[in-house]
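Peer 1: Just need the structure, nothing else, for what follows:
(chains A and B)
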Amino acid sequence: MTTTLTKPPAEQAKRVRRPKAARAGGTLHAGPVAYAILALFTIGSLFPLVWTAIAASRDNQRLAETPPPFWFGSNLMDNLEIAWTDANLGEAFLNTTIVAGISAITIVVLSTIAGFAFAKLRFKGRNALMLIVIGTMMVPPQLSVIPLYMMVAQLDWTDQLQAVILPSIVSAFGVFFMRQYLLQALPDELIEAARVDGASSWRVVWHIVFPAARPAMAVLGMLMFVQTWNDFLWPFLVLTQTGNPTVQVAVAGLGRGYTPDQSLIMAGALLGTLPLLLVFAIFGKQIVGGIMQGAVKG
Amino acid sequence: MTTGHDTAASPAKEGGAAPGRPSAAPVTEKERRHRARLSRRWQRDMRFSPYAFVSPFFLLFLAFGLFPLVYTGWASLHQVELTAPTDMNWVGLRNYTRIFDDDFFWNAARNTLTIGIISTVPQLLMALGLAHILNYKLRASTFYRVAMLAPYATSIAAASLVFVLLFGRDYGMINWALGAVGIDNIDWQNDKWPSQIAVSTIVIWRWTGYNALIYLAAMQAIPQDLYESAALDGANRWQQFFHVTLPSLRPTILFTVIVSTIGASQLFGEPLLFDANKGASGGSQHQFQTLGLYLYEQGWVNQHLGRASAIAWTMFLILILIGIVNYVISRRLRASS
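Peer 2: Numbers count the residues shown, from 1 in each chain, chains lettered A, B, ... in the order given. Purely as a prediction, here's the structure:
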């Protein structure tokens, strides 16, 4: 109080304006050194991807010479075509889209409903249950693969997509993420108004929570799609390259083949990565926003 | 009693009696029961719906998380073969003594630790510095953020296969660049430390940008007046970073350390695909075999699922231990500040 009183009016006005500028992206202007470091990291991040495409456009022989190629050759289309058929990538894309799509949608719907309950409904044991949800985030799913594998073997689900889908539709992160979003994005008055009109909890979820949560649901859906698309260990255990592979299993199979043609492997890696890179190129801003949003209160 | 009062009052509320309205008459027994049923349904809804909303998560976690974890402990006390997973013979703790007697287990544990350190420490430090720069006023700031997230969009499989080529001993880009500054070819596959650095590089490449964004989000949540009062006290940019930014980021840093530690302890795909011999041994001398890879080798190559379960449970216990240590350290830190 005393400080604001002693300050000249101009100083006060500045104080009010500043936080806004901070939110717009920091108050300090970046110097040339900062830009140089950023450029370095950007190149470091993108170079391996660009070089994947360069290597995929060459042939095996050229990749066994020094210096390594720095520019595109003429074999890209041929290699992509061979990798596509060799690695069974058409089927793999279809399979991965099904797996990642079903997982992402299920996670988003279940997480929104559970996140709403944790954020806005009062019930006994709410805080304890939320703590359990956060605790389960600390248990890596990899430690559970052996009994899951035994179940899959017993059910004869090897090489079948449900073996990959079922274990992947549970996400503690999703519940946590939706709870954080709904806490601040869904006004209590809206729910109360619906209650006064006699809406049941399910109607509230359908008519109020889902519309209000739509932006966060989209972001969570994309994050989960990326995660399931890139999932490796579990699909690698229960699906085989020749049976019913996901993209990761197919690409890994290319790499572990007996006669490795490096340019073909790179073509497969490129094909397996391209769809997600496209998604990131289009929705990059939203995905970045989503990751940062999920982080603030974590 | 109360219902009678309600109906008597309602015509006045609605602005005049409606003579033809049947419900204006004294409440029938049927009507009363209907209302009671509605309010009972309402109460039931309020009381049980929250549980119905959260139960799918818990049921699924029970089925695909908790039960398998516990059952892994049970299986670790049995001899189980991959080819006949339902035949379980009780062997007590023999699986555990077998793996503790195995040099390759300790080798894998050491490798997991060293690769974990080599991959996590530089990664988080770089992410911190990067976030600090991204927090400046930048032109095209979204471009940098998306570009640095591109590795996160790349799968383990694709990333590992590309880095195998980049780290090639004879024709790899990295050795070529090192050769240009006069460093002899390094055998990134077969030498112990180079191979561990190479595997760590894949992890660092994929996760640095992601962690930078998480730090950036936390930095943007720091109240601006903290910096202003520090500036008033005469602190320069660096002093502000160390005395304002870092302390405010402590919970976030702790969070990323825990997540990265868990990730590092589970490392599997990168060392599996980095191996030029296509095995699960993590190089010909097991030089970069992690615990995750050792588990896979025991369970799926040597077909001893029981022993693999014992490895999984040992990893789980190690994680709990790390969690406790983390908790104690963070409490100490909080108490000291």
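Peer 1: Please name the residues that touch B:Y210.
Peer 2: B:Y210 makes contacts with A:I291, B:A127, B:L149, B:Y152, as judged by Cβ atoms under 8 Å, 6 or more residues apart in numbering or on different chains. For glycine as for every other residue, the C-beta is placed from the backbone atoms N, C-alpha and C.
Peer 1: what's the helix or strand for it?
Peer 2: helix B:192-220 (DSSP states H and E).
Peer 1: Dump the contacts of B:Y210 to CSV, plus pLDDT and secondary structure.
Peer 2: Putting those into CSV (pLDDT from 0 to 100; DSSP: H, G, I helix; E, B strand; the rest coil) gives the following:
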residue, pLDDT, secondary structure
A:I291, 81, helix
B:A127, 95, helix
B:L149, 90, helix
B:Y152, 91, helix
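Peer 1: residue nearest the centroid of the chain?
Peer 2: Looking at chain A here, since you left the chain open. Geometric centre of chain A, nearest residue: A:L223, 2.5 Å, by Cα atoms, centre = their mean.
Peer 1: sorry, should have said chain B
Peer 2: Note: chain B centre (Cα atoms, centre = their mean) maps to B:V259, 4.8 Å.
Peer 1: which residues touch the longest strand seen in chain B?
Peer 2: For chain B, the strand with the greatest residue count under DSSP state E is strand B:84-90. Residues from elsewhere that reach strand B:84-90 (Cβ under 8 Å, 6+ apart): A:Y149, A:M150, A:A153, A:Q154, B:A75, B:L77, B:H78, B:Q79, B:V80, B:E81, B:L305, B:G306.
Peer 1: do the same with stretch B:149-160
Peer 2: Contacts of stretch B:149-160 (Cβ under 8 Å, 6+ apart): A:45-46, A:48-49, A:52, A:226, A:229-230, A:232, A:247-248, A:251-252, A:255, A:269-270, A:272-273, A:276-277, A:279-280, A:284, A:287-288, A:291, B:202, B:205-210, B:213, B:269-270, B:272-274.
Peer 1: Please indicate which of those residues are buried?
Peer 2: Neighbour counting over the contacts of stretch B:149-160 (16 or more other Cβ atoms under 10 Å in any protein chain shown) leaves A:45, A:48-49, A:52, A:226, A:229-230, A:232, A:247-248, A:251-252, A:255, A:269-270, A:272-273, A:276, A:279-280, A:284, A:287-288, A:291, B:202, B:205-210, B:213, B:269-270, B:272-274 as the buried ones.
Peer 1: Go through stretch B:101-113 and flag the buried ones.
Peer 2: B:F104, B:F105, B:N107, B:A108, B:A109, B:N111, B:T112.
Peer 1: Quick one: work out the angle between the host helix or strand of the last one and helix B:192-220.
Peer 2: Read that as B:T112. Secondary structure assignment for B:T112, by DSSP H and E: helix B:103-134. Interaxial angle of helix B:103-134 relative to helix B:192-220 (axes from the mean of the first three to the mean of the last three Cα atoms, to 10 degrees): 40 degrees.
Peer 1: Counting by contacts, list what helix B:103-134 packs against.
Peer 2: Packing partners of helix B:103-134 (3 or more Cβ pairs under 8 Å, 6 or more residues apart in numbering or on different chains; DSSP states H and E): helix A:32-56, helix B:141-153, helix B:192-220, helix B:246-265, helix B:291-296.
Peer 1: B:I174 is nearest to which of those helices?
Peer 2: helix B:192-220 (8.5 Å; Cβ to Cβ).
Peer 1: can you give me the mean pLDDT across the following helix or strand past the closest one?
Peer 2: Following helix B:192-220 in sequence order, the next helix or strand is helix B:224-232 (DSSP H and E). Per-residue pLDDT over helix B:224-232 has a mean of 87.
Peer 1: what distance separates helix B:224-232 from the centre of its chain?
Peer 2: 34 Å (Cα atoms, centre = their mean, to the nearest Å).
Peer 1: And whichever helix or strand comes after it, what's buried?
Peer 2: Downstream of helix B:224-232, the next assigned helix or strand under DSSP H and E is helix B:237-240. Using 16+ other Cβ under 10 Å as the test for burial, helix B:237-240 gives B:Q240.
Peer 1: is chain A contacted by helix B:237-240?
Peer 2: Yes - using Cβ under 8 Å from any Cβ of the partner chain, helix B:237-240 reaches chain A at B:R237.
Peer 1: which residues of the chain score low on pLDDT?
Peer 2: Reading this off chain A. A:1-28, A:257-259, A:294-298 (pLDDT under 70).
Peer 1: I was after chain B.
Peer 2: For chain B, the ranges with pLDDT under 70 are B:1-27, B:337.
Peer 1: what are the phi and psi angles of B:H304?
Peer 2: phi -100, psi 90 (degrees, to the nearest 10).
Peer 1: Which of the residues in the strand or helix carrying A:M77 are classified as buried?
Peer 2: Taking DSSP H and E as the criterion, A:M77 maps to helix A:76-86. Residues of helix A:76-86 classed as buried: A:L76, A:N79, A:L80, A:I82, A:A83, A:W84, A:D86 (neighbour count, 16+ other Cβ under 10 Å).
Peer 1: and what of stretch B:89-102?
Peer 2: B:V91, B:N95, B:Y96, B:R98, B:I99.
Peer 1: Among those residues, which pair sits farthest apart?
Peer 2: B:V91 and B:I99 (12.5 Å).
Peer 1: picking up where we left off before, ok, the contacts of strand B:84-90 vs B:L161, which is closest?
Peer 2: A:Y149 (24.9 Å).
Peer 1: A:T158: what's it in contact with?
Peer 2: With Cβ under 8 Å, 6+ apart, A:T158 has these contacts: A:V152, A:V238, A:L239, A:T240, A:G243.
Peer 1: Check A:N75 too.
Peer 2: Contacts of A:N75 by Cβ under 8 Å, 6+ apart are A:A56, A:S57, A:R58, A:D59, A:S263.
Peer 1: Quick check: the farthest pair among these?
Peer 2: The span of those, defined through Cβ to Cβ, is set by A:A56 and A:D59 at 10.1 Å.
Peer 1: thinking again about what came up before, got the buried residues of stretch B:89-102 as CSV, with distance to B:A230 columns?
Peer 2: Shown next, in CSV, are those (distance: Cβ to Cβ, whole Å):
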residue, distance to B:A230
B:V91, 62
B:N95, 56
B:Y96, 54
B:R98, 58
B:I99, 53
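Peer 1: Mind jotting down where the helices sit in the stretch 151-298 of chain A?
Peer 2: A:161-168, A:172-185, A:188-196, A:201-204, A:210-230, A:233-238, A:247-255, A:262-296 (DSSP state H, counting those that start in this stretch).
Peer 1: how about the contacts of A:T158 in a markdown table, adding neighbour count and distance to chain B?
Peer 2: Listed next are these as a markdown table, based on neighbours: other Cβ atoms under 10 Å in any protein chain shown; distance: Cβ to the nearest Cβ, whole Å:
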| residue | neighbour count | distance to chain B |
| --- | --- | --- |
| A:V152 | 23 | 9 |
| A:V238 | 23 | 11 |
| A:L239 | 25 | 13 |
| A:T240 | 14 | 12 |
| A:G243 | 14 | 16 |
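Peer 1: List just the nearest of the residues you listed to A:A92.
Peer 2: A:L239 (9.4 Å).
Peer 1: thinking again about what came up before, which of the buried residues of stretch B:89-102 fall in helices?
Peer 2: Among the buried residues of stretch B:89-102, DSSP state H puts B:N95, B:Y96, B:R98, B:I99 in helices.
Peer 1: Burial check on the closest residue to B:S195 other than its chain neighbours, number of neighbours?
Peer 2: With Cβ to Cβ, 6 or more residues apart in numbering or on different chains as the criterion, B:S195 has its nearest non-adjacent residue at 4.6 Å, and that residue is B:F288. B:F288 has 30 neighbours, counted by other Cβ atoms under 10 Å in any protein chain shown.
Peer 1: check contacts around B:F288.
Peer 2: Counting by Cβ under 8 Å, 6+ apart, B:F288 has contacts B:N111, B:I115, B:K192, B:S195, B:Q196, B:A198, B:V199, B:P271, B:F274, B:D275, B:G282.
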